[in-house]
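# This is a predicted model, with the sequence first.
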Amino acid sequence: MSFRVTVLGAGSIGVFVGGKLAAAGAEVAFVGRPRILDEIAAHGLRLTDLDGGDERIAAGGFRTETEPDSAATADLVLVTVKSGQTAQAAAQLRDRVRPDALVISLQNGIGNDAVIREELPGPVVAAGMVMFNVAHNGEGHFHRGTDGSVAVADVPALARFVPLFERAGLPLDRRCDLRPVQWAKLLLNLNNAVNALSGRPLRDELATRDYRRCLALAQGEALAVMRSAGIRPARLTVLPPRLMARLLTVPDPVFERVAGRVLAVDPLARSSMADDLALGRRTEIDWLCGEIVNLGRMVGVPTPVNARLIELVRAAEEGDERRWSGAELLAELRGAAAPGGVRPLTR
């Protein structure tokens with residue numbers, strides 16, 4: 001059986017996942033901006049990964065469109081837009097999606113599926129997350145640079161699509177309750193801001209103790225907020241989240257020995273936030289560090305480190321091209337967390 005799939009959000013994640021499904025035999029339509037659509041229509045797709053995988057899909061193997069007209073006949077709709085575009089994307093799908101279709105939100109952040117569900121009361125809407133990094137290398141080439149699965153809320157409507165994802169080499173991590181996974185992924189994604197501000201590839205940044213200390217400060221603050229809110233994030237790494245936050249602070253040789261798989265990242269991979277800044281786009285900072293700050297306000301727990309990361313990323317969005325060394329960023333965040341909120345902002 002050939003499934004019809006609409007991917008709303010032709011960015012790196014959407015094109016990689018949709019491309020893999022197309023290679024597995026699905027009829028895939030990508031919906032997005034002309035810049036990406038024109039590129040993949042001209043070059044086709046090349047999908048590679050850090051394990052040596054290399055697949056090519058000719059331009060005739062998928063459709064492209066700037067409006068989600070294909071959603072009217074789709075069996076499966078994947079929403080892969082940035083979190084800030086979720087409401088707009090859901091509005092585009094209103095009155096287009098069949099009641100018997102499945103809509104999956106494959107997005108960072110918490111609660112995007114609820115935003116979509118408000119606009120689409122008919123079809124089943126499930127939460128999901130792509131747990132790996134994808135880099136866009138131009139001319140239709142998209143590269144998976146880290147390990148990870150596709151995690152999805154295990155709704156009954158998902159069952160018929162499981163074989164498709166398996167054929168595509170994207171076996172689904174089906175969860176009865178996806179929220180602990182979403183919060184755990186949010187903890188990991190706090191590194192997006194650190195990576196974007198560093199200007200370095202992910203592996204280089206994570207191999208540097210001072211940058212990891214910055215991440216540990218943000219994660220420690222987030223864990224305190226989650227504990228006060230009664231949230232228990234899932235374990236996605238070699239150690240539970242609280243112990244992993246501590247491990248981040250150890251010297252580089254110890255970290256590499258204990259958590260070496262964390263550094264099993266393509267040498268050129270960067271965070272999606274770094275890519276957004278490089279392209280002059282707004283980032284998802286409000287749906288990452290911003291989630292922690294907002295939850296902190298609700299439960300009465302201060303979050304100065306995550307608040308400062310938001311300020312620094314927003315400054316970068318406005319044109320501040322500074323690349324922070326690990327020592328400089330660590331001093332900045334420690335200053336924000338100090339009594340009185342001292343902020344050195346060394347230049």
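All right, it came through fine.
# Report the contact partners of the residue sitting nearest the centre point of the chain.
In the chain, the residue lying closest to the centroid (CA atoms, centre = their mean) is N108, at 4.5 Å. Residues in contact with N108 (CB atoms under 8 Å, 6 or more residues apart in numbering) are 83, 129, 185-186, 189, 284, 287-288. Placement of C-beta: from N, CA and C, glycine included.
# same thing with G140?
G140 neighbours (CB under 8 Å, 6+ apart): 39-40, 42-46.
# Just give the number of residues close to the residue nearest to it when sequence neighbours are not counted.
Leaving out its chain neighbours, the residue that sits closest to G140 by CB to CB, 6 or more residues apart in numbering is H43, at 3.5 Å. Here the number of neighbours of H43 (other CB atoms under 10 Å) works out to 15.
# Tell me who's in contact with H43.
Contacts for H43 were tallied using CB under 8 Å, 6+ apart; they are 59, 139-141.
# Please enumerate the helices of the stretch 151-300 of the chain.
Assigned by DSSP state H, counting those that start in this stretch, the stretch 151-300 of the chain shows helices spanning 162-167, 179-189, 191-198, 202-206, 209-229, 241-247, 252-258, 272-278, 289-299.
# List the contacts of the shortest one.
By CB under 8 Å, 6+ apart, the residues outside helix 202-206 that reach it are 133, 145-146, 191, 194-195, 198, 211-212, 262-263, 265-267, 269-271.
# Now the buried members of those.
133, 145-146, 191, 194-195, 198, 211-212, 262, 265-266, 269-271 (16 or more other CB atoms under 10 Å).
# first to last residue in stretch 15-29, what's the distance?
In stretch 15-29, first residue to last residue: 10 Å (CA to CA, to the nearest Å).
# same question for it, mean pLDDT?
Mean per-residue pLDDT for stretch 15-29: 98.
# which regions of the stretch 1-150 of the chain sit below the pLDDT cut-off?
1 (pLDDT under 70).
# What segments of it are strands?
Assigned by DSSP state E, counting those that start in this stretch, the stretch 1-150 of the chain shows strands spanning 4-8, 27-31, 45-49, 54-57, 63-65, 76-79, 102-106, 124-130, 134-138, 141-144, 150-153.
# pull the CA atoms of the longest one into CSV?
Yep, that's strand 124-130 we're talking about. These are the backbone C-alpha positions of strand 124-130, laid out as CSV (Å, rounded to 0.1, in the frame of the first residue of the first chain):
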residue,chain,number,x,y,z
VAL,A,124,-6.2,12.5,15.2
VAL,A,125,-3.3,14.8,16.1
ALA,A,126,-0.3,13.2,17.8
ALA,A,127,2.8,14.8,19.4
GLY,A,128,6.2,13.7,18.1
MET,A,129,9.8,14.7,18.2
VAL,A,130,12.8,14.1,15.9
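# Tell me what angle that strand forms with helix 179-189.
30 degrees (axes from the mean of the first three to the mean of the last three CA atoms, to 10 degrees).
# Direction included, what does strand 124-130 pair against?
For strand 124-130, the paired strands and their directions (DSSP bridges) are strand 102-106 (parallel), strand 150-153 (antiparallel).
# now do the same end-to-end measure for stretch 129-148.
Stretch 129-148 has an end-to-end distance of 10 Å (CA to CA).
# Stretch 263-273 too?
End residues of stretch 263-273 are separated by 19 Å (CA to CA).
# same deal with stretch 6-14?
Using CA to CA, the end-to-end distance of stretch 6-14 comes to 10 Å.
# gap between V258 and A196?
As judged by CB to CB, to the nearest Å, V258 and A196 stand 26 Å apart.
# How about A127?
Per CB to CB, A127 is found 25 Å from A196.
# picking that back up, comparing V258 and A196, which shows the higher neighbour count?
Set side by side, V258 and A196 show more neighbours around A196, with 28 against 13, by other CB under 10 Å.
# what sits against the more buried one?
A196 touches 270-271, 273-274, 276-277, 283, 313, 316, counting by CB under 8 Å, 6+ apart.
# Check G340 too.
By CB under 8 Å, 6+ apart, the contact set of G340 is empty.
# just checking, L45 touches E139?
No. Taking contacts as CB atoms under 8 Å, L45 lies outside contact range of E139: 10.0 Å.
# For the residue nearest to D154 when sequence neighbours are not counted, name its beta-bridge partners.
Counting by CB to CB, 6+ apart, D154 lies nearest to R174, which is 3.9 Å off, once chain neighbours are set aside. Beta-bridge partners for R174, by DSSP bridges, are V152.
# got a list of what R174 touches?
R174 neighbours (CB under 8 Å, 6+ apart): 152-154, 158, 162.
# Let's have those residues in CSV, adding distance to R322.
Conversion of these to CSV gives the following (distance: CB to CB, whole Å):
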residue, distance to R322
V152, 38
A153, 40
D154, 44
L158, 44
V162, 46
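# Return the closest of the contacts of N108 with respect to L239.
Distance to L239, by CB to CB, is smallest for K185 among those, at 15.8 Å.
# picking up where we left off before, tell me which of L45 and E139 has more neighbours.
More crowded of L45 and E139, by other CB under 10 Å: L45, with 26 against 12.
# show me the contacts for the more buried one.
So L45 contacts 15, 19, 22, 55-57, 61-62, 140, 142 (CB under 8 Å, 6+ apart).
# next one: L170
Residues near L170 by CB under 8 Å, 6+ apart: 17, 20-21, 149-150.
# hang on, the earlier thing: Throw the contacts of G140 into JSON lines and include distance to A338, thanks.
Compiled in JSON lines, these are given as follows (distance: CB to CB, whole Å):
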{"residue": "E39", "distance to A338": "47"}
{"residue": "I40", "distance to A338": "48"}
{"residue": "A42", "distance to A338": "53"}
{"residue": "H43", "distance to A338": "51"}
{"residue": "G44", "distance to A338": "53"}
{"residue": "L45", "distance to A338": "49"}
{"residue": "R46", "distance to A338": "49"}
